[in-house]
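In: Quick one, fold the following:
(chains A and B)
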Protein chains: 2
Amino acid sequence: MSPLPRFGRIADGPPAPAGGGESFATLLAAGGARVERIASLAQADPPGAWYDQPGDEFVLLLQGAARLGFAGGEERALAPGDWVVIPAGCRHRVAWTDPARETLWLAVHLPPIAGRGAIADQ
Amino acid sequence: MSPLPRFGRIADGPPAPAGGGESFATLLAAGGARVERIASLAQADPPGAWYDQPGDEFVLLLQGAARLGFAGGEERALAPGDWVVIPAGCRHRVAWTDPARETLWLAVHLPPIAGRGAIADQ
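Out: This next block holds a predicted model:
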């Protein structure tokens, strides 16, 4: 028998914390890959605190507004429909998300590739 | 040195064929996983022609309107913001996409898992 599909709406999911921050929901995970819904409100990672991941990440902004920061000082504003590929080892942080309305993201974490691990923290 | 991010807009990419059909663009691929942008216009897979994939797929409708068909006869209408998890081995087809405007999808193919037939639990 054919396995059954599963349906959902991206608007449905855990809301961002009312006082600001972010909420995560895994929509699908298999084989070291993961599809995640993120809801953010007034979210900002502490300056100098970098995400540094062992696999590539794909991020699509679906609603709201955000700015991502990258090691080296670049900051990039994102609007709905903008996507970013964040390669393994690319240090990044959420610099800002809209404090007035929820920002929704789809994030896809791809499997780490052997021998291509994260760079040392510095 | 930190690897560089790559930016894009989901609206930018190969348009659907003017006479109807679909166009594919791979935005990121690694470790057996793939993130794909699909643009469809008046697309319908032939009745009885099923996609049957060795890995789970996640599909998000971003713009337009579509109907997916599943083995067993179920047909499901999709609007922007609707997502579907299509487990490995779940036979499916595109039954219809809007003939009046382009339909945009994000599709994520997860790595096949040996000996596995069920979706990851949410």
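
In: Spatially central residue in chain A, please.
Out: Using C-alpha atoms, centre = their mean, the residue of chain A that lies closest to the mean C-alpha position is residue A:107, 4.5 Å off.

In: so residue A:59 makes contact with residue A:105?
Out: Yes: the pair residue A:59 / residue A:105 is scored as a contact, 5.9 Å apart, by C-beta atoms under 8 Å. Yep, even glycine has a C-beta here, placed from its N, CA and C like the rest.

In: These two: which is more packed in?
Out: Per other C-beta atoms under 10 Å in any protein chain shown, whichever of residue A:59 and residue A:105 has more neighbours is residue A:105, with 24 against 21.

In: Helix or strand for the residue nearest to the more buried one when sequence neighbours are not counted, just tell me which one.
Out: Ranked by C-beta to C-beta, 6 or more residues apart in numbering or on different chains and with sequence neighbours excluded, the top spatial neighbour of residue A:105 is residue A:38, at 4.2 Å. In this structure, residue A:38 sits in strand A:33-41 according to DSSP states H and E.

In: Okay, now the unreliable bits of chain A?
Out: The model of chain A has pLDDT under 70 over residues A:1, A:114-122.

In: where exactly do the strands run in it?
Out: A:6-9, A:21-30, A:33-41, A:57-63, A:66-70, A:75-78, A:82-86, A:92-97, A:103-109 (DSSP state E).

In: so which of those gets nearest residue B:88?
Out: Smallest distance to residue B:88 across those (C-beta to C-beta): 8.1 Å, for strand A:21-30.
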